[in-house]
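# no sequence on this one, just coordinates:
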């Protein structure tokens with residue numbers, strides 16, 4: 001007796017796999033194939049795959065793995081074990097995100113919307129065929145209760161096993177005389193793009209120019225939607241283990257605070273550190289913004305009144321809406337500078353109030369234009385938004401250069417920064433430095449190499465504008481720093497690997513020379529490095545000794561006495577990489593069985609939720 005069938009094929013832009021399981025499958029399943037569609041049907045249920053979409057009728061639903069762009073209910077966000085979105089035919093979300101059932105279990109969807117609203121690469125559907133009495137909505141409730149937990153918590157990773165999935169489904173359903181269809185739909189072009197991006201990104205955690213060009217040619221040739229490209233890019237970047245750890249920790253902090261009216265001071269400090277680390281690792285900020293929207297829904301930062309900078313920004317922007325021509329005021333250069341500083345302040349405080357203000361103003365503009373057909377107000381707002389776009393572009397680029405070790409800066413990047421510097425400085429002399437350079441140089445998480453990159457960049461931009469330097473020179477200087485940093489990291493790793501054996505020898509000049517020659521010989525033999533520059537080796541040795549002293553003496557004392565001043569004073573004056581030191585602190589605390597919250601207790605920032 002045949003108990004399971006597998007059907008595989010392609011139609012339109014998709015590849016499909018259909019798994020069918022149940023008692024005496026051959027007598028309860030039928031399928032029909034034409035050039036325009038493939039139809040599966042059984043006991044009044046059907047699922048049709050056409051060249052441009054799907055049609056369905058009967059008991060069942062769909063599911064897909066969560067990724068950026070897939071709506072995620074709050075309940076699912078709060079549960080780590082929930083990895084898939086599940087929908088049931090004939091249902092909709094009512095008040096308070098409660099699922100409502102109906103008897104209308106017939107519908108259709110075009111592939112464009114299916115892969116846009118669901119997973120960009122692969123989506124699943126299931127049909128449950130059985131002889132049942134009663135309404136469809138009653139049957140759908142029974143199915144959901146039986147298999148809902150299984151479908152929402154089963155991983156749909158790359159090693160997908162359809163047989164295993166359908167068997168797990170049948171075991172959860174626990175109905176002997178029922179036939180189950182599980183259909184997997186794969187968008188071929190999106191799947192190819194995902195695979196390419198994943199292959200290129202996971203190797204080095206960034207894309208070089210040649211691979212960017214390869215992807216661009218593929219995207220242009222296959223005419224892939226821009227939004228889908230962004231979703232795929234974000235999903236691949238998120239799933240890198242190092243990136244996922246940062247984003248998930250950010251989410252976990254907010255999950256812990258969902259049931260409370262206030263965030264603890266330490267939690268706010270940790271959230272800010274994670275966002276800074278995200279910039280360094282080139283993790284898209286939109287991932288954090290999405291988590292904020294999901295978990296802080298209907299809540300906002302507690303403020304007894306609107307911040308002064310927001311009040312001033314609102315006052316400037318609302319002059320656009322004065323109806324009396326005599327009261328209307330053109331937003332002058334001084335006002336644009338104030339708005340840019342307000343945007344900077346909001347970014348520094350990690351507050352969403354400014355962005356919400358801009359959205360509100362944009363909506364008001366749309367409404368007025370629709371009513372009056374006066375586009376001058378929209379033109380004025382667009383002029384301001386252009387500066388905000390320049391701000392976002394410049395901020396993103398300068399942060400990437402400052403915090404990203406392997407950032408592949410191009411001549412086009414430098415030209416963009418030159419143009420933006422000239423625009424900002426034309427509004428106010430020194431505004432570019434005030435908004436983008438000075439804040440970086442005082443950022444405590446900026447490494448010594450990052451500080452050098454920022455200084456070289458800013459000096460180079462000024463010299464190019466005055467005609468005293470070229471783009472090639474600035475790129476050369478930045479590459480030189482990047483090469484030194486790479487060697488420095490190799491030195492740190494090499495020294496750490498043999499620290500117990502060589503540490504006493506690092507106190508003498510002769511001992512250090514011997515150690516350097518040993519490492520030099522080893523790296524040359526492995527063809528990693530031909531020769532170690534003495535000054536880089538000496539820096540690595542000094543930093544290793546600082547690190548050892550800190551972890552063995554300063555940090556234990558700071559923990560014992562809860563002395564944040566001692567910890568902060570050493571880190572500020574040592575010049576060590578804070579991200580690296582914090583990882584060493586975690587290792588120390590874990591080894592000693594001490595909770596990481598002891599560091600949080602040293603923090604002093606505060607904020608609340610209502």
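Perfect, thanks for sending it. The structure displayed is predicted, hence computed values, not measured ones. Residues are numbered from 1 along each chain as shown.

# any idea which helix or strand of the protein has the worst average confidence?
Least confident helix or strand, the chain: helix 25-28 with a mean of 67, by mean pLDDT, DSSP states H and E.

# the helix or strand just after that one pairs with which strands, and in what direction?
Using DSSP states H and E, the helix or strand that follows helix 25-28 in sequence is strand 30-33. Paired with strand 30-33 in the same sheet, following DSSP bridges, are strand 37-42 (antiparallel).

# could you pull out the buried residues of the strand it pairs with?
Neighbour counts using 16 or more other Cβ atoms under 10 Å place 37, 38, 40, 41, 42 of strand 37-42 among the buried residues. Heads up, the C-betas are built off the backbone N, CA and C, glycines and all.

# what's the closest of these to residue 62?
residue 40 (14.5 Å; Cβ to Cβ).

# circling back: the buried residues of strand 37-42: which two are farthest apart?
37 and 42 (16.5 Å).

# now render the buried residues of strand 37-42 as a markdown table, adding pLDDT and distance to residue 202.
Shown next, in a markdown table, are the buried residues of strand 37-42 (pLDDT from 0 to 100; distance: Cβ to Cβ, whole Å):
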| residue | pLDDT | distance to residue 202 |
| --- | --- | --- |
| 37 | 96 | 38 |
| 38 | 96 | 35 |
| 40 | 94 | 36 |
| 41 | 91 | 42 |
| 42 | 88 | 42 |
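
# could you give the mean pLDDT of stretch 412-426?
Regarding stretch 412-426, the rounded mean pLDDT is 95.

# what sits up against that stretch?
Stretch 412-426 has contacts (Cβ atoms under 8 Å, 6 or more residues apart in numbering) with 340, 387, 390, 393-394, 397-398, 431-432, 435, 457, 460-461, 464-465, 471, 474-475.

# select only the buried ones of those residues in ChimeraX?
Written as a ChimeraX command, the selection of buried residues from the contacts of stretch 412-426, which uses 16+ other Cβ under 10 Å, is:
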select :340,387,390,394,397,398,431,432,435,457,460,461,464,471,474,475
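
# now the element after whichever strand or helix holds residue 571, going C-ward?
Using DSSP H and E, the element containing residue 571 is helix 564-574. Later in the chain than helix 564-574, the nearest helix or strand by DSSP H and E is helix 578-592.

# what residues sit buried inside that next one?
By neighbour count on 16+ other Cβ under 10 Å, the buried set for helix 578-592 is 578, 581, 582, 584, 585, 588, 589.

# swap in stretch 246-265?
Within stretch 246-265, the residues that count as buried by 16+ other Cβ under 10 Å are 246, 247, 250, 251, 253, 254, 255, 257, 263, 264, 265.

# so who does residue 584 touch?
547, 551.

# per-residue pLDDT of it, please?
86.

# for it, give its distance to residue 364.
51 Å (Cβ to Cβ, to the nearest Å).

# ditto for residue 310
According to Cβ to Cβ, residue 310 stands 16 Å off from residue 364.

# name the residues linked to the residue nearest to residue 165 when sequence neighbours are not counted by a beta bridge.
Spatially, and ignoring its direct neighbours in sequence, residue 165 is nearest to residue 182 (6.2 Å; Cβ to Cβ, 6 or more residues apart in numbering). Per DSSP bridges, the residues bridged to residue 182 are residue 19, residue 126.

# burial of residue 182, as a residue count?
Around residue 182 there are 22 other residues, counting by other Cβ atoms under 10 Å.

# by contact count, what packs against the helix or strand containing residue 542?
Using DSSP H and E, residue 542 falls within helix 534-549. Under the contact criterion of 3 or more Cβ pairs under 8 Å, 6 or more residues apart in numbering; DSSP states H and E, helix 534-549 touches helix 471-497, helix 509-525.

# which stretches in the stretch 251-400 of the chain count as helices?
265-280, 285-295, 308-317, 333-349, 353-372, 376-403 (DSSP state H, counting those that start in this stretch).

# just those helices: most buried one?
helix 265-280 (a mean of 19; mean count of other Cβ atoms under 10 Å).
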